[in-house]
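Colleague: here is a sequence together with a model predicted from it:
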Amino acid sequence: MDLNLIWFVLVGVLIAGYAVLDGFDLGIGALSLFAKSEAERDVHVAAVGPVWDGNEVWLLTGGGALFAAFPVVYATVFSGFYLALVLVLVALIARAVSMEFRAAMPEHKRAWDLAFGLGSLLPAILFGVAVGNVLHGVPVDTGAVWKGSFLGLLNPYSILVGLVSLAMFVMHGAVYLRMKSEGALEARMAKVAVGAWAAFVALFLAATAWSYVGSPFLFGRLSNPLTLVLLVVLAAGLVGVPVFTRAGKSGRAFLSSSVVIVAGLLTVAANAFPVLVPSSLGLEKSLTVYNASSSPRTLTTMLVIALLGVPVVIGYTIFAYRVFRGKAKVDEGYTAAA
């Protein structure tokens, strides 16, 4: 049994789960910056209010799994991306507290709405910037020593991937908000979803072409059956988003958007394997699932814990979405009158 491969898959599933679940949160938050009225912003907050904290659990679980299984990667990436991750953390905290205080301090509601929007927009971009740096390669030397700087992370390629991430999450958020809203906002989100889809496709193709030139190791398994299956699934999801959105089938559009996110991430992971963090100083210095992992005993012990804990996270997530299904209710929770 290849424990390293099992943990690679598990960490990938957790990260993909977070991208799907908190992705629409971030997208809706970013879209709230362009809401036409306070009533519309209430719907934005009400749509994510009941589930955002449960969605964040996937980020914590994914980070914990990365630390347990691949501590060298965790230490290296978190050291190199320290300032960027602090910005993400501050933004996520601002987003969380804004939903509490906008109801408790109605006299400053517009300021808290701005914090909610910016606290969603910034992570949506920076998560993509981080992924872009990992795909392009980061300056990791022998012994997992980081040789880069914060400004070095803000290179043109990583910024492009950051825009891909933003467009993807806005598309995902617009599709979800359409399911949760009614009237004029529901109709407008259909148009926003299709527009964001078009922007995402264009940016995604540009980033793919750039990756082919700058990171050719990502394209070494294009003929692999798994890669071909994932590409077909990705294509199906991409076609489904605009088709189902225009047909008024919001649930299927959201499923298609989720498929795009998961299939896209898994395609990249499958082609990068076993590399976790490619080194721009030479691929032989890269961190892989084998040279950056915990001991077999640790991997075995943590796998038992994961097999007990992950189903709980999945079960709670399903339960929460079943309880709060239907249209957003602006007279309850974070949007209730103070």
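Modeller: Sure, I can see it. Numbers count the residues shown, from 1 in each chain.
Colleague: only C-alpha atoms for contact and neighbour calcs from this point on.
Modeller: Fine.
Colleague: once you drop chain neighbours, what's closest to Asp22?
Modeller: In space, and not counting its chain neighbours, Asp22 is closest to Asn55: 5.4 Å by Cα to Cα, 6 or more residues apart in numbering.
Colleague: same question for Met168.
Modeller: Nearest to Met168 is Phe200, by Cα to Cα, 6+ apart, at 5.7 Å.
Colleague: can you count the residues close to the one you found?
Modeller: 22 (other Cα atoms under 10 Å).
Colleague: hang on, it in a helix?
Modeller: Yes. Phe200 sits within a helix when classified using DSSP: H, G, I helix; E, B strand; the rest coil.
Colleague: picking up where we left off before, the residue nearest to Asp22: which element?
Modeller: Assigned by DSSP states H and E, Asn55 falls within helix 52-69.
Colleague: buried set for that helix?
Modeller: Buried residues in helix 52-69, counted by 16 or more other Cα atoms under 10 Å: 52, 54-59, 61-62, 65-69.
Colleague: dump those residues to JSON lines, plus pLDDT.
Modeller: Formatted as JSON lines, the buried residues of helix 52-69 follow (pLDDT from 0 to 100):
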{"residue": "Trp52", "pLDDT": "86"}
{"residue": "Gly54", "pLDDT": "85"}
{"residue": "Asn55", "pLDDT": "88"}
{"residue": "Glu56", "pLDDT": "88"}
{"residue": "Val57", "pLDDT": "87"}
{"residue": "Trp58", "pLDDT": "90"}
{"residue": "Leu59", "pLDDT": "89"}
{"residue": "Thr61", "pLDDT": "89"}
{"residue": "Gly62", "pLDDT": "89"}
{"residue": "Ala65", "pLDDT": "90"}
{"residue": "Leu66", "pLDDT": "91"}
{"residue": "Phe67", "pLDDT": "90"}
{"residue": "Ala68", "pLDDT": "90"}
{"residue": "Ala69", "pLDDT": "92"}
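Colleague: tell me which stretches of the chain form strands.
Modeller: Using DSSP state E, the strands found in the chain span residues 140-141, 145-146, 275-277, 287-288.
Colleague: can you give me the mean pLDDT across the longest one?
Modeller: Taken as a whole, strand 275-277 has a mean pLDDT of 89.
Colleague: pretty sure Ala207 sits against Ile159.
Modeller: No. The criterion here is Cα atoms under 8 Å, and Ala207 misses it with Ile159 at 10.0 Å.
Colleague: gap between the closest residue to Ala91 other than its chain neighbours and Ala84?
Modeller: Excluding its sequence neighbours, the residue lying closest to Ala91 (Cα to Cα, 6+ apart) is Gly119, at 4.2 Å. With the distance defined as Cα to Cα, to the nearest Å, Gly119 ends up 14 Å from Ala84.
Colleague: any idea how many residues pack against Gly143?
Modeller: Counted by other Cα under 10 Å, the residues lying close to Gly143 total 11.
Colleague: can you give me phi and psi for it?
Modeller: Here is the backbone geometry of Gly143 (degrees, to the nearest 10): phi 80, psi 20.
Colleague: and it, how far is that from Ala91?
Modeller: Taken as Cα to Cα, the span from Gly143 to Ala91 is 32 Å.
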